[in-house]
Each structure stands twice: as structure tokens, then as C-alpha cells.
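> structural data only, the sequence is not supplied:
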């Protein structure tokens, strides 16, 4: 009986550690998926930032042009 109990105890410990390893593997897989998703979001954010910078630049150019034409209109109106 002593040997059977020792084997049973060893099997229980082995199952406990096997479950622990499986749980850790599942958590690692979940974390890898999270990192991949976050990296994708980061890349999309960089692209969007570049788009917004370009849009901002174009708006500034357009506003400066508009300011220039407004200034020209004011000058013309003052002259006439």
C-alpha cells in the first residue's frame, strides 16, 4: 500500500504541475495575442498621425493663402 500511495501522490503532483504549465502556456498565448493587437493598433496610430500632420500642413497652407487673399482684398478696398 505504501508504494501505491506514493505513486498516487506523485501522479497528483505531476498533474498539478502539468495543469500549472498548461495555464502558463495559455496565459503566454493570450499575452502574445495582446501584444500583436497592440502593435497593430500602434502602427495604425502612426499612420493616422502622419495623415493628420499632412492635413494640418495643408490646412495651414490654405489658411495662409486665404489670409493672403483677404489681405489683398482689404488693400484693394482701402485703395478704392
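Perfect, I can see it now. What you see is a predicted model; the values in this text were computed from it and never measured.
> what pLDDT does the model give residue 42?
Among the per-residue scores, residue 42 holds a pLDDT of 98.
> so that it lines up with my notes, have the first residue be 18 from now on.
From this message on, residue numbering opens at 18, which makes the last subject residue 59.
> residue 65 versus that one, what's the distance?
Distance of residue 59 to residue 65, given as CB to CB, to the nearest Å: 11 Å. In short, each C-beta sits where N, CA and C put it, glycine included.
> equivalent analysis for residue 78, please.
Here the criterion is CB to CB. By it, residue 78 lies 20 Å from residue 65.
> what does residue 92 give?
Counting by CB to CB - residue 92 and residue 65 are separated by 40 Å.
> do the same with residue 71
Per CB to CB, residue 71 is found 11 Å from residue 65.
> one more: residue 40?
The spacing between residue 40 and residue 65, counted by CB to CB, is 37 Å.
> with residue 42 instead?
Distance check for residue 42 against residue 65: by CB to CB, it reads 35 Å.
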